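Chemist: okay, predicted coordinates and the sequence, questions at the end:
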Amino acid sequence: MTLIEIFDRSPIENLVSTIALEPEQTIYIGTDVKRMQRALPVYREILAGRGIRTELVFRSAAKNDLEATLQVIDAILDERSDEPDEICVVDISGGDETLLLSVGLILGTRAAERRRLLAFRLNLFTRIATYFLVRRDETGELAVAREQQDFSSAGSHPLYLTVDEDVKLHGGMITSRSETFTLSDPVCKDIDALWEVSRKDCVAWNASVGKLSAEVSRYADGNDLFAIPEEAFGTGKNKLSRDFFNQLVGRGLIKLRRTESGLLVFNYKSRIVRECLTKSGSVLEYYTYKTALKMRENGRPVFDSVETGVVLDWDGRANGTRNEIDVMLMRGVTPVFISCKNGDISVDELYKIGAVADRFGADFARRALLSTAYFDSQSKGFGGSGASNNMEERARDMRIRPISCVHRMTETEFAEALMKLAM
């Protein structure tokens, strides 16, 4: 099979049909030679990582020159005319309008002479593909036969990209990410325990974690041991709540080893627990990550790739522009960028998530702002009716979907809200 691909400004549209069909060769036709030259090595690297051996080449076509474009496509088909069993598939999912018009004309003029020339269109959101076979009937009139193939998770050959592939496809790279885990890892129960403490009062959680992390220091005689002075506890404004600390000990998140003169010596149950008790917003990020991992549809994962704490370098260079995304998901080839806010929210956060989503997903990206106290009128962290309404309206104007008051949702309700992001 040879796939003829109309080169598009969207890297996702340029590559996914090759991943789905795995042809012997993909020929890109485009007007921007330099862009194609830069893109193809990246596409080859992603395909090689999947064990797909498709040969990638490109042919240039003059911009807005219909006749010249027709000649390019005609030449490609003529080169394969000596192979009667060769299937040529032309992807009409996207690309330059002149090139697509040329494809339509070619399909019409070659309908009688070539029975194995197909047009192919893939809906990237549903992952349902349609093949079009153009023929002439007994009267000489053009007729189009259609056949569909399911590349969604319900199909036999699911089409998807990983978070790493999506970032690489758009010319960037991941420089770091938070620690990952599987659903069988005991840390899942620890995240639930941390979330239960946090959700009771998100404002108090943020303050307590800040005070705890400020007071804790490494214990001099143990690599994994930490210590907090007794004087850190109390009821004053700058004191750490003894009840908060006892909750952590009672849930096994902090293991108290011994008490010395003026010190409590302990260790954290795991690195993730320590992170959540050092950076107050991490618990919402890990809770979102864990919930996304658990989600199933017809027995299969809803999301094909899940990452948290992803630091993205925009141009793949060590000193390039960088942004951190709290949670990034892939459903099929649709990237979902999520900002998690367990406290106050600034307008800058909306611009950041919007800019990153545009860079690494463009029209196919989904954007979300998850929050707890800021939109909760019953919380001390409520931003106020005017500010919160303005923030929500601005988010929607920027195509960012707000998911508010996560701390008041059951896990099922939260999962349903995440599901809607990729729809």
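Modeler: Yes, it's here. Values in this document were obtained by computation on a predicted structure and should not be read as measured data.

Chemist: next structured bit after the helix or strand of the chain with the lowest mean pLDDT?
Modeler: Counting by mean pLDDT, DSSP states H and E, the weakest-scoring helix or strand in the chain turns out to be helix 97-109, with a mean of 63. Following the chain from helix 97-109 toward its C-terminal end, the next helix or strand by DSSP states H and E is strand 117-123.

Chemist: which helices and strands does that next one pack with?
Modeler: Judged by 3 or more CB pairs under 8 Å, 6 or more residues apart in numbering; DSSP states H and E, the packing partners of strand 117-123 are helix 11-21, strand 88-91, helix 97-109, strand 128-136. To be clear about C-beta, it is placed using only N, CA and C from the backbone, and glycine gets the same treatment.

Chemist: can you list contacts of that strand?
Modeler: 3, 16-17, 20-21, 77, 87-93, 103, 107, 110-111, 128-134, 151, 159 (CB atoms under 8 Å, 6 or more residues apart in numbering).

Chemist: if we go to 7 Å?
Modeler: Outside strand 117-123, the residues within contact range by CB atoms under 7 Å, 6 or more residues apart in numbering are 16-17, 20, 87-93, 103, 107, 110, 129-133.

Chemist: pull out the buried residues from that strand.
Modeler: Of the residues in strand 117-123, Leu117, Leu118, Ala119, Phe120, Arg121, Leu122 count as buried by neighbour count, 16 or more other CB atoms under 10 Å.

Chemist: again, but for stretch 369-385
Modeler: Burial within stretch 369-385, assessed by neighbour count using 16+ other CB under 10 Å, is assigned to Leu369, Leu370, Ser371, Thr372, Ala373, Tyr374, Phe375, Asp376, Ser379, Gly381, Gly383.

Chemist: could you flag which of the contacts of strand 117-123 are buried?
Modeler: Buried members of the contacts of strand 117-123, scored by 16+ other CB under 10 Å, are 16-17, 20, 87-93, 103, 107, 110, 129, 132-133.

Chemist: any buried residues in stretch 299-317, and which?
Modeler: Residues of stretch 299-317 classed as buried under the neighbour-count rule (16+ other CB under 10 Å) are 301-310, 312-314, 316.

Chemist: can you tell me which of those residues comes closest to Ser280?
Modeler: Gly309 (14.2 Å; CB to CB).

Chemist: helix or strand right after the strand or helix carrying Ala193?
Modeler: Assigned by DSSP H and E, Ala193 belongs to helix 187-200. Secondary structure here is assigned by DSSP H and E; on that basis, the next helix or strand after helix 187-200 toward the C-terminus is helix 202-215.

Chemist: quick check: closest non-adjacent residue to Arg322.
Modeler: What sits nearest to Arg322 in space, not counting adjacent residues and going by CB to CB, 6 or more residues apart in numbering, is Asp313, at 5.3 Å.

Chemist: from Leu248, how far out is that neighbour?
Modeler: 35 Å (CB to CB, to the nearest Å).

Chemist: what about the helices in the chain?
Modeler: Residue ranges of the helices in the chain, as given by DSSP state H, are 11-21, 33-49, 66-79, 97-109, 163-169, 187-200, 202-215, 242-250, 271-276, 282-294, 347-360, 385-397, 411-421.

Chemist: which stretch in the ones you listed has the least confidence?
Modeler: When those are compared by mean pLDDT, helix 97-109 comes last with a mean of 63.

Chemist: so what's the residue count around Asn323?
Modeler: 17 (other CB atoms under 10 Å).

Chemist: just confirm it contacts Asp358, I think it does.
Modeler: No - with contact defined as CB atoms under 7 Å, Asn323 does not reach Asp358; the gap is 11.5 Å.

Chemist: on that earlier part again, need the max-distance pair from the buried residues of strand 117-123.
Modeler: Among the buried residues of strand 117-123, the pair separated by the greatest distance (CB to CB) is Leu117 and Leu122, which sit 17.5 Å apart.

Chemist: returning to what we had before: who does the helix holding Ala193 touch, helix- and strand-wise?
Modeler: Packed against helix 187-200 by the contact rule (3 or more CB pairs under 7 Å, 6 or more residues apart in numbering; DSSP states H and E) you find helix 271-276, helix 282-294.

Chemist: just those helices: most buried one?
Modeler: Each of the helices and strands packed on helix 187-200 was assessed for mean neighbour count using mean count of other CB atoms under 10 Å. The highest is helix 282-294, with a mean of 24.

Chemist: could you export the buried residues of stretch 299-317 as TSV, including pLDDT and distance to Lys168?
Modeler: Putting these into TSV (pLDDT from 0 to 100; distance: CB to CB, whole Å) gives the following:
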residue	pLDDT	distance to Lys168
Pro301	93	21
Val302	94	23
Phe303	96	18
Asp304	95	16
Ser305	97	12
Val306	97	17
Glu307	98	13
Thr308	97	18
Gly309	97	18
Val310	96	13
Leu312	95	11
Asp313	94	11
Trp314	91	12
Gly316	74	8
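
Chemist: same list (these) but as CSV, adding distance to Thr175.
Modeler: Conversion of those to CSV gives the following (distance: CB to CB, whole Å):
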residue, distance to Thr175
Pro301, 26
Val302, 27
Phe303, 22
Asp304, 22
Ser305, 17
Val306, 18
Glu307, 13
Thr308, 15
Gly309, 11
Val310, 9
Leu312, 8
Asp313, 5
Trp314, 11
Gly316, 10
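
Chemist: out of these, which are inside strands?
Modeler: Secondary structure from DSSP state E places Pro301, Ser305, Val306, Glu307, Thr308, Gly309, Val310, Leu312, Asp313 of the buried residues of stretch 299-317 in strands.

Chemist: pipe these into JSON lines and attach distance to Gly171 per row.
Modeler: Supplementary listing: these in JSON lines, determined by distance: CB to CB, whole Å:
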{"residue": "Pro301", "distance to Gly171": "27"}
{"residue": "Ser305", "distance to Gly171": "18"}
{"residue": "Val306", "distance to Gly171": "22"}
{"residue": "Glu307", "distance to Gly171": "18"}
{"residue": "Thr308", "distance to Gly171": "22"}
{"residue": "Gly309", "distance to Gly171": "21"}
{"residue": "Val310", "distance to Gly171": "16"}
{"residue": "Leu312", "distance to Gly171": "11"}
{"residue": "Asp313", "distance to Gly171": "10"}
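
Chemist: for these, which one is nearest Met419?
Modeler: Pro301 (11.8 Å).

Chemist: count of residues packed around the closest residue to Ile19 other than its chain neighbours?
Modeler: Closest residue to Ile19 apart from its sequence neighbours, by CB to CB, 6+ apart: Leu159 at 6.3 Å. Applying other CB under 10 Å, we find 22 other residues in the vicinity of Leu159.
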